[in-house]
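Chemist: could you work out the structure for the sequence below:
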Amino acid sequence: MSHDYYIAGTQFSAPDLAPGLYVVATPIGNLRDITIRAIETLAAAEAVLCEDTRTSAKLLDHYGIRVKRVAFHEHNERDKAEDIANRIADGAAIALISDAGTPLLSDPGFPLIRTLAEQNLPVFPIPGASALLSALVVAGLPTDAFAFHGFLPPKAGARANALKKYAVSRETLVFYESPRRLADTLTAMAEVLGNRQAAVSLELTKRFERTRRGSLTELAAFFAENDTKGEAVITVAGAAEPSAPAAEDWQAALTEAMGDHPLRAAVDDIAARFGLKRKEVYDAALALKDRD
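Modeler: You can find the predicted model right below:
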């Protein structure tokens, strides 16, 4: 079987692959955002599992890759997982791609990976483009800790309940959203999370790529009135660090608690109530006791 591929009209031949599943990241917009290793892997694979074979054909045809394309999506992935595992166990090298970006991130693939892991069959990551990382690095928000939560529920009540779980998270939050729900989702975020700083990235790596930054209410108002073409990535600042309680407040509460409870119980109560270190409260309690 030919392993040929083409870059800018020049023909190349990809080396053979070891048996296994190759999880290949593909461009999220610009077709040039793909690694040489990814192109070689797709060219040399016995088959490529595609979320949508028509969408994947645009990428494969662009690089002159002639390989068997197999539809593999959320409606059939569980049924196909065992058969694919058997083929890999027999020595096949198969590639998995999604319509764009890195597979499994809000895309099909997890049941297959789990099946292969349970059978101790080889899985190889072929890294590359990712919409969530691309949006994160241009958002202007902290990147030292972040959490990706994919798509929120489409219905208002379920969406609000989901957001409540993230209200106290300190890390930057990253979500995917469809353009038609973007303004409503930003409004819900402002209501549940507070009017935090955020960014919305649309059409990443494409001709009309754009990122808009501002508070959640500003962004909600803007996208309610302006074009939202293209899949969106929303990045939201994490919850602020709680301010330290005033010393006079918790010490006054400690004095009152010590009048009603044994010292240790009073210390435990104040430490928990004000979010303080127990030793700090215990030392203050001993000083108050000595003074009395």
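Chemist: next, the most centrally placed residue in the chain: phi, psi?
Modeler: What sits nearest the mean C-alpha location of the chain, by Cα atoms, centre = their mean, is Phe148, with 2.8 Å. For Phe148, the backbone dihedrals (degrees, to the nearest 10) come out as phi -100, psi 130.
Chemist: bridging residues for it?
Modeler: Val174 (DSSP bridges).
Chemist: that one against Ser169, yeah?
Modeler: No - applying Cβ atoms under 8 Å, one finds Phe148 not in contact with Ser169, separated by 11.8 Å. From N, CA and C alone the C-beta is placed, and that goes for glycine too.
Chemist: helix, strand, or coil at Leu163?
Modeler: Reducing the assignment to helix, strand or coil with DSSP: H, G, I helix; E, B strand; the rest coil, the entry for Leu163 is helix.
Chemist: and it, how many residues sit next to it?
Modeler: As a burial measure, Leu163 scores 21 neighbours (other Cβ atoms under 10 Å).
Chemist: just give the closest residue to it, not the sequence neighbours.
Modeler: The spatially closest residue to Leu163, leaving aside those adjacent along the chain, is Val192, at 4.1 Å (Cβ to Cβ, 6 or more residues apart in numbering).
Chemist: OK, contacts around that neighbour?
Modeler: By Cβ atoms under 8 Å, 6 or more residues apart in numbering, the residues touching Val192 are Ala160, Leu163, Lys164, Ala167.
Chemist: top of the residues you listed by neighbour count?
Modeler: Leu163 leads the contacts of Val192 on contacts (other Cβ under 10 Å) with 21 neighbours.
Chemist: and that one, how close does it get to Leu276?
Modeler: Counting by Cβ to Cβ, to the nearest Å, the separation of Leu163 from Leu276 is 29 Å.
Chemist: work out for me the element the residue nearest to Leu163 sits within.
Modeler: helix 182-193 (DSSP states H and E).
Chemist: pLDDT on that helix, on average?
Modeler: When the per-residue pLDDT values of helix 182-193 are averaged, the result is 96.
Chemist: with stretch 266-285 instead?
Modeler: 88.
Chemist: also stretch 131-146?
Modeler: Per-residue pLDDT values across stretch 131-146 average out to 96.
Chemist: any buried residues in that stretch, and which?
Modeler: Of the residues in stretch 131-146, those with enough neighbours to count as buried (16 or more other Cβ atoms under 10 Å) are Ala131, Leu132, Leu133, Ser134, Ala135, Leu136, Ala139, Leu141, Phe146.
Chemist: narrow those to those in strands?
Modeler: Phe146 (DSSP state E).
Chemist: farthest pair in the buried residues of stretch 131-146?
Modeler: Using Cβ to Cβ, the pair of the buried residues of stretch 131-146 lying farthest apart is Ala131 and Leu141, separated by 15.7 Å.
Chemist: can you redo the contacts of Val192 as a markdown table with pLDDT and distance to Ala287?
Modeler: Putting these into a markdown table (pLDDT from 0 to 100; distance: Cβ to Cβ, whole Å) gives the following:
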| residue | pLDDT | distance to Ala287 |
| --- | --- | --- |
| Ala160 | 95 | 46 |
| Leu163 | 96 | 44 |
| Lys164 | 95 | 40 |
| Ala167 | 92 | 37 |
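Chemist: let me have the residues you listed in CSV, adding distance to Ala100 as columns.
Modeler: Putting the contacts of Val192 into CSV (distance: Cβ to Cβ, whole Å) gives the following:
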residue, distance to Ala100
Ala160, 29
Leu163, 26
Lys164, 30
Ala167, 30
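Chemist: got the domain ranges for the protein?
Modeler: The chain breaks down by automatic domain parsing into domains covering 4-129, 132-236, 247-291.
Chemist: these: lowest mean pLDDT?
Modeler: Taking the mean pLDDT of those, domain 247-291 comes last: a mean of 86.
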